[in-house]
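Q: What follows is a predicted protein model with its sequence.
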Protein chains: 2
Amino acid sequence: MSNIKNNQESDAAIEQSFLLKQVGYNCLQAYLKIEPDIKKRLIRYQLKPVEFTVLSLISANPQINQKRLGHTINVSPPNLATLLDKMELRQLLVRKRNPNDKRSQILELTEKGQFLFGKARQQFEKNESIPNLSNDEQKQLLRLLQKIFL
Amino acid sequence: MSNIKNNQESDAAIEQSFLLKQVGYNCLQAYLKIEPDIKKRLIRYQLKPVEFTVLSLISANPQINQKRLGHTINVSPPNLATLLDKMELRQLLVRKRNPNDKRSQILELTEKGQFLFGKARQQFEKNESIPNLSNDEQKQLLRLLQKIFL
DNA sequence: TATTGTTATACTCTATAACTATA
DNA sequence: TATAGTTATAGAGTATAACAATA
């Protein structure tokens, strides 16, 4: 094989300088790089990332209702309903009618849900093992990202 | 209504301090915040974000093959095949057998594809109008994100 | 035997409309 | 009339297996 490299070979660097200037592209690529590790840490608890997020938010926000939860995690009401159905079937949480407004449902973790979240959470208590990022850089990164979405 | 706020009301802040420490969660939330604006800028060209990315990468990497393209954008070979089918039907690109290795397909933009990419690209030439981020902060953010996925 | 890409298909995720009940 | 949530369903996106052509 020739030493002259071209785009048909896998060791030539991809030219993507234009895309690398786009914040959205960078956020997505970074997430896609991290995602497999997150899934791997949760699979032993039979939790998907969004389910872990739901457990975390209910745990930290007792009596949160479905509207606020769905809004926070970008899940529409119909899709949240079916997601919560599955979690309620697994007895990780319960839905209770709000006595002050019987239209809304108050969400609470069961003991089983609290226990599972506690265990799963341990997987993320230490750092996420993001290679190439110092602690300072990680803190700086979180600050900048939160400026975008908070 | 009482002035005392609780989690059932929409103006109380969500407690998500644990999730906000997770790099993956932050990357995804930031992307989800930006995504609608990206889609809005591309819809007039009937392009999805991934299609714009494909145009950009082929444009910047003439004669790239499908394996390298798919690997760069996290699209599996079967799904890339059907995605490229649609774009080839729209005459935005062509697939040519590589004469040096007839297994692989070389990708090239058509004139129509080049023109469309040029027009669509103008939508992103200026800044992406990420509110709350100065130019310096944006550059810093890109540097940190690229440390993760490059 | 290994690699590139395709086809077919199943699975998951997301979006939309119509509905119930409560306010 | 408006809101919170549900049901049903369609559509888009993703994953898996089997395959053909080429190396």
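A: Perfect, thanks for sending it.

Q: Would you quantify the distance from residue A:49 to chain B?
A: 8 Å (Cβ to the nearest Cβ, to the nearest Å). The C-beta positions use only the backbone N, C-alpha and C, and glycine is treated the same way.

Q: Enumerate every residue touching that residue.
A: A:35, A:38-39, A:42, B:24 (Cβ atoms under 8 Å, 6 or more residues apart in numbering or on different chains).

Q: Any of those buried? List them.
A: A:38, A:42, B:24 (16 or more other Cβ atoms under 10 Å in any protein chain shown).

Q: List just the nearest of these to DNA strand C.
A: Taking Cβ to the nearest atom of the strand as the measure, residue A:42 is the one of these closest to DNA strand C, at 11.4 Å.

Q: Output the top helix by length along chain A in PDB with nothing but the alpha carbons.
A: The helix spanning the most residues in chain A, taking DSSP state H as the definition, is helix A:23-43. Taking Å, rounded to 0.1, in the frame of the first residue of the first chain, the C-alpha atoms of helix A:23-43 are listed here in PDB:
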ATOM      1  CA  VAL A  23     -21.800  24.900  19.400                       C
ATOM      2  CA  GLY A  24     -24.700  22.500  18.800                       C
ATOM      3  CA  TYR A  25     -22.600  20.100  16.800                       C
ATOM      4  CA  ASN A  26     -20.000  20.100  19.600                       C
ATOM      5  CA  CYS A  27     -22.500  19.500  22.400                       C
ATOM      6  CA  LEU A  28     -24.000  16.600  20.500                       C
ATOM      7  CA  GLN A  29     -20.700  15.000  19.600                       C
ATOM      8  CA  ALA A  30     -19.500  15.300  23.200                       C
ATOM      9  CA  TYR A  31     -22.700  13.700  24.500                       C
ATOM     10  CA  LEU A  32     -22.500  10.800  22.000                       C
ATOM     11  CA  LYS A  33     -19.000  10.200  23.200                       C
ATOM     12  CA  ILE A  34     -20.100  10.000  26.800                       C
ATOM     13  CA  GLU A  35     -23.400   8.200  26.300                       C
ATOM     14  CA  PRO A  36     -22.100   4.600  26.000                       C
ATOM     15  CA  ASP A  37     -20.400   4.900  29.400                       C
ATOM     16  CA  ILE A  38     -23.500   6.300  31.100                       C
ATOM     17  CA  LYS A  39     -25.600   3.400  29.600                       C
ATOM     18  CA  LYS A  40     -23.000   0.900  30.700                       C
ATOM     19  CA  ARG A  41     -23.100   2.100  34.300                       C
ATOM     20  CA  LEU A  42     -26.900   2.000  34.400                       C
ATOM     21  CA  ILE A  43     -27.600  -1.300  32.600                       C
END
